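Q: need coordinates for the below:
(2 chains)
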Number of protein chains: 2
Amino acid sequence: MTDYSNDIILTGDRPTGPLHLGHFAGSLANRLALQGQCRRQFVLIADLQALTDNAGDAGRVAQNVLEVALDYLAVGLDPTLSPFVLQSGVPELSDLTMLYLNVVTVARLERNPTVKAEIQQRGFARDIPAGFLCYPVSQAADITAFKATLVPVGDDQLSMVEQTNEIAFRINRLAGRDVLPEAKALLSTMPRLPGIDGKAKASKSLGNAINLSASSEEIARAVQMMFTDPGHLRVSDPGRAEGHAVFAYLDAFDPDRAAVEELRSHYRRGGLGDGALKSRLNDILQALLEPVRRRRKQFARDPAYVMRLIGEGTATAREVAARTLAEVRGVFGLAKIEPLPVDRKRLSATW
Amino acid sequence: MTDYSNDIILTGDRPTGPLHLGHFAGSLANRLALQGQCRRQFVLIADLQALTDNAGDAGRVAQNVLEVALDYLAVGLDPTLSPFVLQSGVPELSDLTMLYLNVVTVARLERNPTVKAEIQQRGFARDIPAGFLCYPVSQAADITAFKATLVPVGDDQLSMVEQTNEIAFRINRLAGRDVLPEAKALLSTMPRLPGIDGKAKASKSLGNAINLSASSEEIARAVQMMFTDPGHLRVSDPGRAEGHAVFAYLDAFDPDRAAVEELRSHYRRGGLGDGALKSRLNDILQALLEPVRRRRKQFARDPAYVMRLIGEGTATAREVAARTLAEVRGVFGLAKIEPLPVDRKRLSATW
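A: Alright, predicted model coming up:
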C-alpha cells in the first residue's frame, strides 16, 4: 500500500440528505482505510457549499449536518483521528475564498467542466447563483486552508483539484515562494455504485439508493427489487452480468472476490438464478449495515454530544485554517490590525 | 436640514492612493457635516475591495491604509464618532458575502451598470477577476452588516445600493420578516470636481488632482496650471465660465457664494482676468489645506497610534457585524457550533 503517512487529506460531503451505500463504496470505505494511515484526515461537512444550490431550503441543510455526522460515526469514522469540520463554522474559509476570487477569472470559472455539467444537470441556464459559479474557489479554500496534499475524488471532480492547484500556483507566484502545497487527486478505484434500478448512479433524489440507516426490512426489500438481466427468464438461461445491479453490489461489498467471479461465470453460462444471488447479497448487506445501524442509534440518542464532536473538530480546523489565512493575507500584504486600547486624550489634543 | 439622527451611515474609500480635493468636495465634506448628526457613521477602508483590481499590487493597498486614515484625521473625521473600519479586519463581511452570493445570479451581476462601466474602463473584457464581478455583493455585505440606512454615493454608484436592497429583500423574504433594513442612497448635491486640466474627473491616476497633503507650493503651482477659457485672450474679452476649472473649484470651496456669482457675471461680460480668479482660489485652498496638512503631519509622526485607532474602529464594527451575521446565518438555518470539551471515553465506549 502507498505510504500516506505524510499526507493531509481533505474529504467530506454536502449535508443534503442521509448517506447511502453509494457513499460508502465511493468514499466512506476509503476514509476508513486512510484513517490513522495519514498525518490527518479532515472530514468537511460542507453546509455552505450545500447552500449554493439549496438557498431556499436551508432548514434541510441544517438538519442534515447532524444526520451526516451520525452516518460518519456509525460507519466508524473516529473524530479524534478524522476531525469532523462544519464548513460554516470556519469563517477563515470565507476569507480565503474572497482573496482567491481575485486571482481567478470569470471566464475560467465558466469553463470548469464540473460546474458546466452541474449547471446543465440542475437546469440553471443563465440563472446560476453566483455562489454556484464560485464554488470551485470555495473548494480551493477548503483544500488549501488545511494544506491538504491528497483529495479523494471521483473522476468527475478532477477539475476541482486542478482549479485548486491553479490558485495555489498564483498565490505562490505572488509570494515568490511555496506557501500552499500542491494537492494530488486520489482517484477512487471503485467503479461508481449503480442504483438498485440499475441506473448509473445511486442517489437519494432518484430514490434508488440504500441508506446507511436502512432497516433490515428496507434492505431486504431493496435487494428484492434490484435490477437484474431482463432477458434471464429461466434459471437455466445464460445471463448478462453487465448492468446487473446485484453483481455491481457484490463487486462492491462481497469480501470473497473469487466466489463472486465464480458466480459471474456461472450466471453467464446459465443455471444460476437471480434469487440465489439476491439472497447472498442480502446476507452481506445485512451483516455490513447491522452494526452501522446499531451504532447510529446509540449516537442518535444524544444529538448534543454529536454536535459537540463536530464543534471540537471544527475548532481544530479553525486553528489550522487561521494559520494558513494569516500566511495568505501576508501574500496580499493585508495590514495587521490589533484592537488595542487607544489614548483618547491624545486624539483630542492633536486636533 | 434633514434629520439624520436615526440613520446609520456607511461610507468609505478604497485605499489605492492619497485622497485629494475631489474626495473632499465629493464626500469628505459631507462626512464632516454628518458626523455627530447621525446615529453612527462607519467609514470603511475597503482594502479587500481594492484588491479586486489590484491583486498583483497588494503592497500599495496595504501602505495606503495608513495614508487614507491620515487623510481622514487630517480633515477632521473623528474616529470616536465615525469609526474607521478596516474591511479585511472584519471577517464577518466575507461570511456575509459568501451567503449573499447564493441569492444573486451571475446574470444579475453581469447586468450591473457600474460593474459594466468599470469593466470597460479597466479593459478587463472576458478576463474579469471573479472578485471584481462579485464586488457589488461584497458591498451589500458592507452596507447590511452595519444595518446602514443611508449610503452617500455618486450617481454612478446608485446601482450598488439597488443591488444591496435586492439582496436585503431576498434575505427578508427567506426570513419572513425584516432582518435587514432598506438602505437609501444619499446623492451628493455637489457636481463632481473636475481635474485641474478641466477633464471631467480629478483623479490620482490622471495626475490632475490636488492631494489633501499637497504642500503650499504644490497648491500654488496646480492653481497656476488650471484650465481656463482658451478663448479668453485679453482681460477685456468676454470669457466662458463653463468648463473653467477655476470656477468649478470656487463653486466647490469658496464659502462666499454671492461673490462667486458676481465674479462669474463679470468674467462673462469681460474685464476680469484669470490671474485674479486664480489668486482668489489660491488663497481659499491654502486656507483650507493648511490646517489639514498640519494635522496630517502631527498624526503621521506616530503611525502605530493611527493603526490603533483603526483597530479600535474595526473592533467596534466587528461587534455590530457579528450580530448581523448571526441573524443572517439564522435565516439560512445554519447550525450553531460551540466548541465545548468532549467526553472521549464515552466515544470509545459507544464503538
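Q: pLDDT at the closest residue to A:Gly231 other than its chain neighbours, what is it?
A: Spatial nearest neighbour of A:Gly231, chain neighbours left out: A:Arg240 (6.6 Å); criterion: Cβ to Cβ, 6 or more residues apart in numbering or on different chains. From N, CA and C alone the C-beta is placed, and that goes for glycine too. At A:Arg240, the predicted lDDT confidence score is 95.
Q: quick check: A:Arg240 is in a helix.
A: No. If the criterion is DSSP: H, G, I helix; E, B strand; the rest coil, then A:Arg240 is coil and not within a helix.
Q: contact partners for A:Lys204?
A: Listed by Cβ atoms under 8 Å, 6 or more residues apart in numbering or on different chains, the contact set of A:Lys204 reads A:Thr16, A:Gly17, A:Pro18, A:His20, A:Asn211.
Q: what ranges do the strands span in chain A?
A: Assigned by DSSP state E, chain A shows strands spanning A:8-13, A:40-45, A:84-86, A:150-153, A:184-187.
Q: quick one on the thing from earlier: the residue nearest to A:Gly231 and A:Asp229 touch, don't they?
A: Yes. A:Arg240 is in contact with A:Asp229 according to Cβ atoms under 8 Å; the separation is 4.4 Å.
Q: of these two, give the one with the bigger neighbour count.
A: The neighbour count for A:Arg240 versus A:Asp229, taken as other Cβ atoms under 10 Å in any protein chain shown, is higher for A:Asp229 (20 against 14).
Q: tell me the spacing between that one and A:Arg268.
A: Look at A:Asp229 and A:Arg268: by Cβ to Cβ, to the nearest Å, they are 10 Å apart.
Q: joint contacts of those two?
A: Common neighbours of A:Asp229 and A:Arg268, counting by Cβ under 8 Å, 6+ apart, are A:Gly239, A:Arg240, A:Ala241.
Q: which of these lies closest to chain B?
A: Distances from the shared contacts of A:Asp229 and A:Arg268 to chain B were compared by Cβ to the nearest Cβ; the smallest belongs to A:Ala241, at 36.8 Å.
Q: wait, the closest one sits on A:Leu250?
A: No. Here A:Ala241 lies out of contact with A:Leu250, judged by Cβ under 8 Å, at a distance of 9.7 Å.
Q: where does the prediction get shaky in the stretch 251-351 of chain A?
A: Across the stretch 251-351 of chain A, the stretches falling below the confidence threshold (pLDDT under 70) are A:338-351.
Q: any idea of the pLDDT on the residue nearest to A:Asp71 when sequence neighbours are not counted?
A: Taking Cβ to Cβ, 6+ apart as the measure, A:Asp71 lies nearest to A:Leu19, with 4.1 Å between them; neighbours along the chain are not counted. What the model reports as pLDDT for A:Leu19 is 95.
Q: what is the neighbour count of A:Leu19?
A: Neighbour tally, A:Leu19, other Cβ under 10 Å: 24.
Q: quick one on the thing from earlier: what's the closest of the shared contacts of A:Asp229 and A:Arg268 to A:Phe299?
A: A:Phe299 has its nearest neighbour among these in A:Ala241, at 38.0 Å by Cβ to Cβ.
Q: how many neighbours does that closest one have?
A: As a burial measure, the neighbour count of A:Ala241 was computed by other Cβ under 10 Å and equals 21.
Q: and stretch A:116-125, what's buried?
A: A:Glu118, A:Ile119, A:Phe124 (16 or more other Cβ atoms under 10 Å in any protein chain shown).
Q: distance to chain B and pLDDT added to the residues you listed, as CSV?
A: As requested, the buried residues of stretch A:116-125 are exported to CSV (distance: Cβ to the nearest Cβ, whole Å; pLDDT from 0 to 100):
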residue, distance to chain B, pLDDT
A:Glu118, 14, 78
A:Ile119, 10, 79
A:Phe124, 9, 70
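Q: for those, give me CSV that also has distance to B:Ala200.
A: Compiled in CSV, the buried residues of stretch A:116-125 are given as follows (distance: Cβ to Cβ, whole Å):
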residue, distance to B:Ala200
A:Glu118, 45
A:Ile119, 41
A:Phe124, 40
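Q: narrow those residues to those in helices?
A: If you go by DSSP state H, the buried residues of stretch A:116-125 have A:Glu118, A:Ile119 in helices.
Q: out of the buried residues of stretch A:116-125, which comes closest to A:Arg293?
A: Comparing the buried residues of stretch A:116-125 against A:Arg293 with Cβ to Cβ picks out A:Glu118 as the nearest, at 31.8 Å.
Q: give me every residue in the stretch 151-300 of chain A lying close to chain B.
A: Within reach of chain B by Cβ under 8 Å from any Cβ of the partner chain, the stretch 151-300 of chain A has these residues: A:Leu174, A:Arg295, A:Gln298, A:Phe299.
Q: check which helices and strands the biggest helix by length in chain A is in contact with.
A: Ranked by residue count, the top helix of chain A under DSSP H comes out as helix A:303-331. Based on contacts counted as 3 or more Cβ pairs under 8 Å, 6 or more residues apart in numbering or on different chains; DSSP states H and E, the elements that helix A:303-331 packs against are strand A:40-45, helix A:58-75, strand A:84-86, helix A:91-100, helix A:135-145, helix A:158-175, helix A:274-300.
Q: pull out the buried residues from it.
A: Counting neighbours by 16+ other Cβ under 10 Å, one finds that the buried residues in helix A:303-331 are A:305-318, A:320-322, A:324-325, A:328-329, A:331.
Q: now the helices and strands packed on helix A:303-331 in TSV, with mean neighbour count and distance to B:Ala200?
A: Compiled in TSV, these are given as follows (neighbours: other Cβ atoms under 10 Å in any protein chain shown; distance: least, Cβ to Cβ, whole Å):
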stretch	mean neighbour count	distance to B:Ala200
strand A:40-45	25	50
helix A:58-75	22	46
strand A:84-86	27	51
helix A:91-100	26	32
helix A:135-145	27	36
helix A:158-175	19	34
helix A:274-300	17	67
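Q: and the ones you listed: which comes nearest B:Glu162?
A: Across the helices and strands packed on helix A:303-331, the minimum distance to B:Glu162, taken as Cβ to Cβ, is reached by helix A:91-100, at 22.2 Å.
Q: and that closest one, C-alpha only, in PDB?
A: Extracted in PDB, the C-alpha atoms of helix A:91-100 (Å, rounded to 0.1, in the frame of the first residue of the first chain):
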ATOM      1  CA  PRO A  91     -15.000  31.700   8.800                       C
ATOM      2  CA  GLU A  92     -11.400  31.600   7.700                       C
ATOM      3  CA  LEU A  93     -12.700  29.600   4.700                       C
ATOM      4  CA  SER A  94     -14.800  32.600   3.600                       C
ATOM      5  CA  ASP A  95     -11.900  34.900   4.000                       C
ATOM      6  CA  LEU A  96      -9.700  32.700   1.800                       C
ATOM      7  CA  THR A  97     -12.400  32.400  -0.800                       C
ATOM      8  CA  MET A  98     -12.700  36.200  -1.000                       C
ATOM      9  CA  LEU A  99      -9.000  36.500  -1.500                       C
ATOM     10  CA  TYR A 100      -8.800  33.700  -4.100                       C
END
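Q: tell me the mean pLDDT for that helix?
A: 96.
Q: same check on stretch A:24-36?
A: If you average the per-residue pLDDT over stretch A:24-36, you get 92.
Q: identify the residues contacting it?
A: When contacts are defined by Cβ under 8 Å, 6+ apart, stretch A:24-36 is touched by residues A:4, A:9, A:11, A:13, A:19, A:41, A:43, A:71-72, A:75-78, A:81-82, A:152, A:154, A:186, A:188, A:190, A:192-193, A:212, A:252-253.
Q: could you do stretch A:188-202 as well?
A: Outside stretch A:188-202, the residues that reach it (Cβ under 8 Å, 6+ apart) are A:20-22, A:25-27, A:29-30, A:152-154, A:203, A:206, A:208-210, A:222-223, A:225-227, A:243-245, A:248-249, A:251-252.
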